[in-house]
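Engineer: Here is a sequence with its predicted model. Questions after.
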Amino acid sequence: MSERNDFQQIQKQTQEQIQIQKATQSQVILGELITMNDDEVIDRIDAELNDNPALEERDAQDRDEDYGESGNDDDQETEVGQSNEDPFESPYTQSDDDYVDRNDDGLGYIQTRRRQATADNDVYRPPVVNEASMYEVLMNQVRERDLTERQLLIAEYIIGEIDDDGLMRRPIASICGDIISRENEFVTPQEVQEVLEEIQDLEPAGIAATSTRECILLQIEDMKGENVEIAQIAHAIVDKHFEAYERHHYDKILAAMNIDEATFNLADHVIKKTNPRPGNIFNSGERMSNATHITPDFEVRADGNKLQLTVRNDIPELQISESYEIEYHRITNRKNVKMRDDEALIKQQYEKASNFIKLLRLRQEKLYSIMKAIMLKQQEFFITGDTMTLKPLVLSDIAQATGYDVSTISRAQQNKYVDTNWGIYDLKFFFSKGINENETSSTAIKEIIKELVENENKKKPLSDEQLCNALQERGFPIKRRTVAKYRDSLKIPVARQRKTL
């Protein structure tokens with residue numbers, strides 16, 4: 001009885017206030033739009049146009065009326081969060097005099113601006129890198145061959161089974177089973193093998209090989225202009241002694257084939273010219289069902305010590321349909337009148353369209369600010385193209401510079417590219433941690449490791465410990481395990497596997 005009383009005395013009612021932050025629907029949509037590249041945003045716009053009749057694309061005549069024939073806009077820049085006015089009231093397009101900053105730290109004059117939106121035939125279109133998928137490239141080649149409809153069907157199944165490395169590791173019997181069960185078409189292993197050999201004759205050499213060994217052999221057979229005798233020796237090494245070659249047991253190969261070291265080195269050179277992963281030339285090894293278009297979202301041009309940032313701006317401009325505009329104001333201006341269902345739908349569609357237009361403009365504002373901050377942090381690289389000038393940079397640095405949340409910076413640097421004087425770079429390239437008090441970025445250290453490995457004595461390749469010592473001699477105090485981590489990230493094999501005679 002006393003135990004029950006003690007329990008009742010301990011039991012008490014408490015009230016605690018907890019603040020929980022939930023993302024609004026607009027914040028969720030904005031996050032998605034920032035993550036997308038421009039091509040994906042255009043697809044999203046198309047979907048919205050099809051889904052919402054209140055939304056429509058502004059034509060060139062409307063733009064000319066708004067901006068004048070020159071395309072300039074007299075409204076001044078409105079910074080989001082720094083004005084009581086609606087930051088979306090003025091059009092996104094700004095004149096060339098807007099968004100200009102001067103930086104006087106010894107690196108000269110820096111200009112950052114947005115590209116103007118003009119007529120459709122004068123819209124900014126930066127260089128596009130077209131990367132066709134492996135499936136598409138191989139099927140185009142197959143269709144040029146003199147194959148029957150039955151053989152083309154088999155070819156589709158074979159090519160569909162080629163992995164990211166460019167190898168076809170699935171057994172022929174399994175492919176036969178797939179065709180029989182899915183197409184109700186009986187095919188024999190011999191038929192599949194014949195089509196496979198046709199595919200193995202396509203470019204790139206070695207494609208659709210059933211093993212790494214076969215892949216290398218196919219490429220050696222395909223080599224033209226090589227010393228025939230040396231090519232035959234290289235072929236024999238891979239054909240008869242591939243396991244020993246992979247394990248770098250070169251002495252065993254010399255003894256078994258009765259060849260000298262000089263001859264082996266020549267044959268080894270032929271083997272090393274092959275690519276054991278021929279599929280990695282397609283989309284950096286990423287399997288894609290359709291062609292991938294990599295279009296830079298930004299352009300940074302260096303002219304001496306002057307930098308100019310341009311934000312790509314060929315996303316279609318949108319507006320509210322005039323009929324919806326009139327009807328919306330009629331509905332919302334009425335007093336003490338209950339809204340009908342059809343009127344409620346019009347109001348909903350109008351507000352959804354209006355919000356989507358604002359989010360698109362806010363996306364561009366944020367991307368501009370983020371890229372500008374990256375450019376200012378890494379301006380030496382944009383001017384010189386020297387990787388060693390890259391500064392350590394993490395997401396929180398850009399968040400602090402822009403006032404945006406780290407999650408926004410993380411989304412913004414995904415699938416985004418910048419076109420520079422020195423090539424096209426993924427925005428992730430500019431982010432790396434520092435490795436010492438000298439503010440050296442890990443990207444710069446990786447470049448040094450690549451240089452050391454490229455220039456090493458291949459008969460006595462540098463171990464991770466030796467790479468570590470070489471870096472320390474250059475003034476970079478770095479640990480051996482860090483060197484190993486960077487080497488792995490660069491896909492550089494360990495010293496034993498880099499060794500040649």
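Structural biologist: Arrived safely, thanks for sending.

Engineer: how about the strands in the protein?
Structural biologist: The residue ranges that make up the strands of the chain, judged by DSSP state E, are 55-57, 110-114, 129-131, 292-294, 298-303, 306-311, 318-320, 417-420, 423-426.

Engineer: Give me the mean pLDDT for the first one.
Structural biologist: Regarding strand 55-57, the rounded mean pLDDT is 87.

Engineer: ditto for the second one
Structural biologist: The pLDDT scores in strand 110-114 average 41.

Engineer: before we move on, what about the third one?
Structural biologist: Mean pLDDT, strand 129-131: 45.

Engineer: For residue 336, find the nearest of the strands of the chain.
Structural biologist: In this view, those are compared for proximity to residue 336 by CB to CB, and strand 318-320 is the closest at 26.0 Å. (Each C-beta comes from the backbone N, C-alpha and C, glycine too.)

Engineer: Mind listing the strands the closest one pairs with, and their directions?
Structural biologist: Strand 318-320 has the following sheet partners, assigned by DSSP bridges: strand 55-57 (antiparallel).

Engineer: mean pLDDT for the strands of the chain: which is lowest?
Structural biologist: Ranked by mean pLDDT, the strands of the chain end with strand 110-114 in last place, scoring a mean of 41.

Engineer: coming back round to it: format the strands of the chain as a markdown table; extra columns: mean neighbour count and distance to residue 24.
Structural biologist: Conversion of the strands of the chain to a markdown table gives the following (neighbours: other CB atoms under 10 Å; distance: least, CB to CB, whole Å):
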| stretch | mean neighbour count | distance to residue 24 |
| --- | --- | --- |
| strand 55-57 | 17 | 20 |
| strand 110-114 | 21 | 27 |
| strand 129-131 | 12 | 36 |
| strand 292-294 | 15 | 32 |
| strand 298-303 | 19 | 28 |
| strand 306-311 | 20 | 26 |
| strand 318-320 | 19 | 21 |
| strand 417-420 | 21 | 30 |
| strand 423-426 | 14 | 30 |
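
Engineer: Export those strands as CSV, with columns for distance to residue 366.
Structural biologist: Formatted as CSV, the strands of the chain follow (distance: least, CB to CB, whole Å):
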stretch, distance to residue 366
strand 55-57, 21
strand 110-114, 13
strand 129-131, 25
strand 292-294, 21
strand 298-303, 13
strand 306-311, 11
strand 318-320, 18
strand 417-420, 16
strand 423-426, 18
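
Engineer: What are the buried residues along stretch 242-257?
Structural biologist: Within stretch 242-257, the residues that count as buried by 16 or more other CB atoms under 10 Å are 242, 245, 250, 253.

Engineer: Pick out the most distant pair among those.
Structural biologist: Checked with CB to CB, the buried residues of stretch 242-257 reach their widest spread between 242 and 250, with 12.9 Å between them.

Engineer: Double-check residue 363 against residue 31; I have them as touching.
Structural biologist: No: contact status for residue 363 versus residue 31: not in contact, 9.8 Å apart, counting by CB atoms under 8 Å.

Engineer: More neighbours: which of these two?
Structural biologist: For residue 363 versus residue 31, the count of surrounding residues by other CB atoms under 10 Å is larger for residue 363: 22 against 19.
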